[in-house]
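Predicted model and sequence follow; I will ask about them next.
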Amino acid sequence: MNGTPSTIRCDVAIVGGGMVGLSLAAALRELPLDVLVIEPVPAGSDAQPSFDERTTALSNGSRRILEGIGAWPRVAAEATPIRRIHVSDRGAFAFARLSAEEQGLPALGHTLGNRVLGDALAEICRGAPRVGILCPARVTAVEPGEDHVELGVEGAWTGKLRARLVVAADGARSAVRGAFGIDAIVWDYEQHAVIANVVPERFHDFVAYERFTPDGPVALLPLADGRCTIVWTLAPEEAGRVLSLDEHEFLRRLQDRFGYRLGRFLRVGHRHAYPLSLTRSQRQVAHRAVIIGNAAQGLHPIAGQGFNLGLRDVATLAEVIADDIAARAASADPGAASVLDRYADWRRADRQTVIAFTDGLVRLFGNPLGPVRAARGASLLLFDLFTPAKNAFARVTMGLAGRLPRLSRGVPLT
Ligand SMILES: Cc1cc2nc3c(=O)[nH]c(=O)nc-3n(C[C@H](O)[C@H](O)[C@H](O)COP(=O)(O)OP(=O)(O)OC[C@H]3O[C@@H](n4cnc5c(N)ncnc54)[C@H](O)[C@@H]3O)c2cc1C
C-alpha cells in the first residue's frame, strides 16, 4: 500500500470483512498483491453480524477450501463432524437418510461456530504482511475510474482508497453493489429463523436432522459437547412469540415440532431470530468490481448452503486472479475485464443450481396442499431407496459437484 496519507492505493479492496470477505483476504495473502479489507464492525465484537452466535454447517468442499487458506488447522479441534443426515416430513410421515459411511467418507460435513471461524480468519489476515484491515471503517463513496476505483472511506482511517479491483462482500443489503449500478432481486420469504443451542436427553451421535413441519422446517445440527444447534423457521409473528417464551414453554413447543428422536430437550441457550429472504444480484461483475457471498446471493438457510456457496466464490476468484498473475506476471491486473469475465462465466452454473435447489426446497416443503405433501412424502421415500439420487444429492450438498476450483479439490492455489 502506498500514496499520500489521505489517498492510499492497493490492488484489491474488499468491502466487508465478514465470513466471505475475510476468507477472500486470507486466500489472496498467498499472492503478490496488496489487499485491504474495509469493515465497520471488529471480528471479536458482539455486534459483528457475520461472526455471531450462529453455527455453520460446512460442506467437505468448504473444509478443503479452509484447509487451503490456512484456517482449518486453527479451527479443526472445535469442529464437529456430521456423520449422517436424517430428513423427515411431519405432514407426510416420510423420511430419507444419508450417511457418510455409504458415501465412503469419514464425514458428510462439519459444524463450526461462526465466532471461532472469525477469530481464525482475523488472525491469519493480521499475520499477512500485504493484507491490511481498516476497521472500524466504512465505504462512503464509490467512483469508478479507467484503471482503478476510488473509494471514500470513513472511520479508523479516513481518506480515499484507490484499488484496481473492488470486491463487494458487504452482505445481502450491499451498498457497494448498488453503487456499481447492479440491482438485486429480493424475495421476502416472510419467515424468520430462530436459532439457539439446546441440550437433548440423548447423544446426537453426529446426526444432523432436518424436519419439515406444516409451520416451517426445523434443523438440528450436532455440536462438539453433545449439544445441538437449532434453526427453527417460523412466520415472523410466531418467531417473535417463541423468542419471548420461558425456557420450559420454548422447549415444549420445540419438542412438539421436532418429536422425541433425541429424547426430551432439557435446556436452551440464548435465542436469536433472522428474517429470511432470497437476494439475487442481477450481475456478479461490473467495471473493476466483483460481487461475492451474500452480496451476490443471500439464501434461505434451509439447506445450509449460503456460506458454502460464498466460499466457492472466494476459491474461484482467488484462482482466476492467481492464474492471471502466473500468465502475465508484471502486467497482470486483478481488475481486468478478462479476469472478471472468466470469474462470472465459471460461477454461473454453480450459483444457479444452488439458488434453485435452495429456493425449490423452501417452496416444496412450505406448501401445505394435500397432493404436494403426498408427492414430497413419496419423493423422500424414493430418495431413501435410490442410491444414484443420494450420491448426486450428496455431491451437490457437499460442495463437490460441477467444475471445482483448485482449493475445493485440495490443490494449492499457487
Ligand atoms: C440462521 C442462519 C443460518 C445459516 N446457516 C448456514 C449454514 O449452516 N451453512 C452455510 O453455508 N450458510 C449458512 N448461512 C448463511 C451464511 O451465514 C451466509 O451465507 C454468510 O454469512 C455470508 O457471509 P458474507 O460475508 O457474504 O455476508 P455477511 O455475513 O452478511 O457479512 C457482511 C459483512 O459486511 C460488513 N458490511 C456491511 N455493510 C458494510 C459497508 N458499508 N462497508 C463495509 N462493510 C460492510 C458487515 O459488517 C459484515 O461483516 C446461514 C444464515 C442464517 C441467517
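It's in.

would you list every one of the helices in the stretch 301-414 of the chain?
306-328, 337-365, 370-385, 387-397 (DSSP state H, counting those that start in this stretch).

Now do the first one: which elements does it pack against?
When contacts are defined as 3 or more C-beta pairs under 8 Å, 6 or more residues apart in numbering; DSSP states H and E, helix 306-328 packs onto helix 19-28, strand 55-59, helix 60-68, strand 297-298, helix 337-365. In this view, the C-beta of every residue, glycine as well, is placed from N, C-alpha and C.

Bridged to T229, which residues?
For T229, the beta-bridge partners under DSSP bridges are N197, L221.

Neighbours of it, how many?
When neighbours are defined as other C-beta atoms under 10 Å, T229 has 23 of them.

coming back round to it: winner for burial among the helices and strands packed on helix 306-328?
Most buried of the helices and strands packed on helix 306-328 by mean neighbour count (mean count of other C-beta atoms under 10 Å) is helix 19-28; its value is a mean of 28.

Any residue of it touching the ligand?
Yes - with C-beta under 6 Å from any ligand atom as the criterion, the ligand is reached by helix 19-28 at M19, V20, G21.

same deal with stretch 33-50?
Yes - shown here: stretch 33-50 in contact with the ligand (C-beta under 6 Å from any ligand atom) through I38, E39, P40, V41, P49, S50.

Can you tell me which of those residues end up in helices?
The helices, defined by DSSP state H, take in nothing from the residues of stretch 33-50 next to the ligand.

Identify the farthest-apart pair in those residues.
I38 and P49 (14.9 Å; C-beta to C-beta).

Same drill for the two, tell me which one is more crowded.
I38 (30 against 14).

Show the contacting residues for the more buried one.
Contact analysis of I38 by C-beta atoms under 8 Å, 6 or more residues apart in numbering lists 13-17, 134-135, 137-139, 151, 153, 161.

just the residues you listed that are near the ligand?
Counting by C-beta under 6 Å from any ligand atom, the members of those near the ligand are V15, G16, G17, R138, V139.

Quickly find the element holding the last one.
Translated: V139. According to DSSP states H and E, V139 maps onto strand 137-144.

What strands line up against that strand, and which way round?
Here, using DSSP bridges, strand 137-144 pairs with strand 149-155 (antiparallel).

Identify each buried residue in the partner strand, please.
By neighbour count on 16 or more other C-beta atoms under 10 Å, the buried set for strand 149-155 is V149, E150, L151, V153, E154.

Tell me the spacing between the first one and L278.
If I follow you right, that is V149. Using C-beta to C-beta, to the nearest Å, V149 is found at 28 Å from L278.

Also the last one?
For E154, the distance to L278 under the criterion C-beta to C-beta works out to 31 Å.

what does the second one give?
According to C-beta to C-beta, E150 stands 32 Å off from L278.

before we move on, what about A329?
Relative to L278, and taking C-beta to C-beta, A329 is found at 41 Å.

Neighbour count: the two, which is higher?
L278 (19 against 9).

would you say that one is within a helix?
No - judged by DSSP: H, G, I helix; E, B strand; the rest coil, L278 forms no part of a helix; its state is strand.

Assign the closest residue to it other than its chain neighbours to helix, strand or coil.
The shortest distance from L278 to any non-neighbouring residue, by C-beta to C-beta, 6 or more residues apart in numbering, is to W187 (4.4 Å). Three-state assignment for W187 (three-state DSSP): strand.

Can you give me the pLDDT of W187?
Looking at W187, its pLDDT is 96.

now swap in R347 and tell me
What the model reports for R347 is a pLDDT of 97.

how far away is it from the ligand?
14 Å (C-beta to the nearest ligand atom, to the nearest Å).

same deal with T229?
Distance from T229 to the ligand, by C-beta to the nearest ligand atom: 9 Å.

ok, the residue of the stretch 151-300 of the chain found nearest the ligand - contacts?
Nearest residue of the stretch 151-300 of the chain to the ligand: G293, at 2.4 Å (C-beta to the nearest ligand atom). With contact set as C-beta under 8 Å, 6+ apart, G293 has these partners: G16, G18, M19, V20, G21, A169, G171, F307, G310, D313, V314.

what's the farthest-apart pair in the residues you listed?
For these, with distances taken as C-beta to C-beta, the pair at the greatest spread is G171 and V314 (14.8 Å).

out of those two, which sits in the busier spot?
Neighbours were counted for G171 and for V314 using other C-beta under 10 Å; V314 has more, 29 against 22.

Pull the contacting residues for that one.
V314 sits next to V20, S23, L24, A27, I65, I69, I292, G293, L407 when contact means C-beta under 8 Å, 6+ apart.

Output those residues in JSON lines, with distance to L364 and pLDDT appended to each entry.
Converted to JSON lines, those look like this (distance: C-beta to C-beta, whole Å; pLDDT from 0 to 100):
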{"residue": "V20", "distance to L364": "27", "pLDDT": "98"}
{"residue": "S23", "distance to L364": "31", "pLDDT": "98"}
{"residue": "L24", "distance to L364": "33", "pLDDT": "98"}
{"residue": "A27", "distance to L364": "35", "pLDDT": "98"}
{"residue": "I65", "distance to L364": "29", "pLDDT": "97"}
{"residue": "I69", "distance to L364": "35", "pLDDT": "97"}
{"residue": "I292", "distance to L364": "28", "pLDDT": "98"}
{"residue": "G293", "distance to L364": "26", "pLDDT": "98"}
{"residue": "L407", "distance to L364": "32", "pLDDT": "96"}
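
Since that was my last question, I'll sign off now.
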